[in-house]
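Visitor: need coordinates for the below:
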Amino acid sequence: MFSRRVPDNLAGNRIAQAVERVRSTGRDIIDLTESNPTRAGLRYPPDLLTPLADARGLTYTPHPFGLADARMAIAADYKRRAIEIQPDRIVLTASTSEAYSSVFKLLADPGDEVLVPRPSYPLFDHLARLDVVATRPYDLEYHSRWSIDLDSVERAMTSRTRALLIVNPNNPTGSFVRRGDLDALAALCVQRKTASGEPHDVAIVSDEVFADYEIEPGASLEAGRLAERYDVLSFALGGLSKSVGLPQVKLGWMAIGGPDALVAPALERLELICDTYLSVSTPVQAAAAELLSRGTAVREQIQARIAANYAQLTATARSMPACRVLRAEGGWYAVLQVPSLQSEEDLVIDLLESDGVLTHPGYFFDFPQESYLIVSLIVPEHAFAAAIHRVLRHFDCTTGRRASRPQTPR
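Guide: Below you'll find the predicted structure:
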């Protein structure tokens, strides 16, 4: 009697079962999969959420796209990154996930397709499935740094392609989409022809939740800026969850870019979609300007933590020739390539049970081959250093007998 949008098998995988088993013994685990900044030992001002008590929250005057003051505050925050966005092209959502859902409803009929990067965050398949949209992958390649395989994008496109999703910077590879790649992607998306010869544009959706966090200084300045383009319909997504470390406050947004001839009808249709749900609370909209301003202190802590942990990871890994850290430019994850001594799943469980360290396996993110471990860089520094030492020590005990130099990923 249930919809096929939700999988029939909802049981935890072997790794989840192993985590539950180890935790049931009372043993401490250093969790290198932690992505929740409120559990990462950051110092939040105790009165940071006081703006949620603004008296304006006592009055309900809904607008499908959100209160004008909140949209103006977000447009002003974009200027911090030297990006000019008009407030009337900003649409508020309760989360980035909801923004994706709204865009899918806007662009796609059931069975239509969206292109997603590989490797990347596994949430896309779930979000698309819930909106009865199919995903088709295109590839990122690693040759000393990550780049988009543009041929794979063109191969993945069909007459049913409605949107191309990019993550800028990518989770977990940490790679920004450069201007040249964005130019090439836009060219592929504009005025495509259907089988009948009719023009058919493909929109670009850019997930920019990690855009505030550089690992390589200046990397974000070299990245393409989708919201400022006027040649392709685009949706740049952001939110308080990452930009000021407040996932519990539930405010996201999308900035719509592109030619007026496409943006205007897109906004008209989005108005109906957003008006149907009106999911963004008034208190968080009233508080948006102050939260964005005062959240700078949290963002600076996150940035410092990422930099320190990435430096620790790369320095420690230099002592282990069989392992290497893949180059990351931004975000708060890192990829460690390790010898393929066993399956990734067995390796993660072994590290958990033997060393008390939890990591993500690469296959969670659709890495095309083994073996990769994905680690969060927002873990407290002392715990991160201890965990990385244990992970590398794990290979130090075995490399003399079985390890080989990791192969370059696709």
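
Visitor: so how far is the strand ranked longest in the chain from its chain's centroid?
Guide: When the chain is parsed with DSSP state E, its longest strand is strand 134-142. Put simply, strand 134-142 sits 15 Å off its chain's centre (Cα atoms, centre = their mean, to the nearest Å).

Visitor: please apply the same query to stretch 8-20.
Guide: Relative to its chain's centre, stretch 8-20 lies at 23 Å (Cα atoms, centre = their mean).

Visitor: please, where are all the helices along the stretch 151-300 of the chain?
Guide: With helices called from DSSP state H, counting those that start in this stretch, the stretch 151-300 of the chain shows them at 179-189, 219-222, 240-243, 260-277, 282-294, 296-317.

Visitor: pick the most buried one from those.
Guide: A comparison of the helices of the stretch 151-300 of the chain by mean neighbour count, using mean count of other Cβ atoms under 10 Å, puts helix 240-243 on top with a mean of 24. Glycine gets a C-beta too; all of them are placed from N, C-alpha and C.

Visitor: what sits up against it?
Guide: Identification of contacts with helix 240-243 by Cβ atoms under 8 Å, 6 or more residues apart in numbering yields 37, 77, 95-96, 209-210, 212-213, 246-247, 249-252, 288, 291-292, 295, 299, 332.

Visitor: again, only this time at 10 Å
Guide: For helix 240-243, the surrounding residues in contact (Cβ atoms under 10 Å, 6 or more residues apart in numbering) are 35-37, 74, 77, 80, 95-97, 171, 208-213, 246-253, 284, 287-288, 291-292, 295-296, 298-299, 302, 331-332.

Visitor: shouldn't A255 be in contact with Y78?
Guide: Yes. Shown here, A255 and Y78 form a contact pair, counting by Cβ atoms under 10 Å, at 7.1 Å.

Visitor: compare these two (neighbour count), which wins?
Guide: For A255 versus Y78, neighbours defined as other Cβ atoms under 10 Å are more numerous around A255 (25 against 21).

Visitor: okay, now A11: neighbour count?
Guide: 7.

Visitor: what about it, distance to E20?
Guide: Using Cβ to Cβ, to the nearest Å, we find A11 at a distance of 12 Å from E20.

Visitor: same deal with P117?
Guide: P117 sits at a distance of 31 Å from E20 (criterion: Cβ to Cβ).

Visitor: among the contacts of helix 240-243, which ones are buried?
Guide: 35, 37, 74, 77, 95-97, 171, 208-213, 246-247, 249-253, 284, 287-288, 291-292, 295, 298-299, 302, 331-332 (16 or more other Cβ atoms under 10 Å).

Visitor: in strands only, show me those residues.
Guide: In this view, those that belong to strands under DSSP E are 252-253.

Visitor: please enumerate the shared neighbours of A255 and Y78.
Guide: 85, 87, 90, 227-228, 236, 238.

Visitor: before we move on, back to that, just the CA coordinates for the longest strand of the chain, please, in PDB.
Guide: Only the C-alpha atoms of strand 134-142 are listed here, as PDB (Å, rounded to 0.1, in the frame of the first residue of the first chain):
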ATOM      1  CA  ALA A 134      15.500  10.300 -12.100                       C
ATOM      2  CA  THR A 135      19.200  11.000 -11.600                       C
ATOM      3  CA  ARG A 136      21.900  10.400 -14.200                       C
ATOM      4  CA  PRO A 137      25.600  10.800 -13.100                       C
ATOM      5  CA  TYR A 138      28.400  12.700 -14.700                       C
ATOM      6  CA  ASP A 139      32.000  12.300 -13.600                       C
ATOM      7  CA  LEU A 140      34.600  14.300 -11.700                       C
ATOM      8  CA  GLU A 141      38.200  13.400 -12.500                       C
ATOM      9  CA  TYR A 142      41.300  13.600 -10.300                       C
END
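
Visitor: buried sites along that strand?
Guide: Using 16+ other Cβ under 10 Å as the test for burial, strand 134-142 gives 134-140, 142.

Visitor: so what strands line up beside it?
Guide: Note on strand 134-142: by DSSP bridges, its sheet partners are strand 113-118 (parallel), strand 146-148 (antiparallel).

Visitor: out of those strands, flag the one nearest T314.
Guide: Ranking these by proximity to T314 (Cβ to Cβ) places strand 146-148 first, at 16.0 Å.

Visitor: now that closest one: buried residues?
Guide: For strand 146-148, the neighbour count (16+ other Cβ under 10 Å) marks 146-148 as buried.

Visitor: look at L49 and say how many residues are nearby.
Guide: A total of 18 residues lie near L49 under the criterion other Cβ under 10 Å.

Visitor: of P117 and E20, who's got more company?
Guide: For P117 versus E20, the count of surrounding residues by other Cβ under 10 Å is larger for P117: 29 against 10.

Visitor: with adjacent residues omitted, what lies nearest to the more buried one?
Guide: Leaving aside its sequence neighbours, P117 sits nearest to L140 (Cβ to Cβ, 6 or more residues apart in numbering; 5.6 Å).

Visitor: who is the one you found paired with across the strands?
Guide: Beta-bridge pairing for L140 (DSSP bridges): I148.

Visitor: in terms of pLDDT, where does it sit?
Guide: With respect to pLDDT, L140 has a value of 97.
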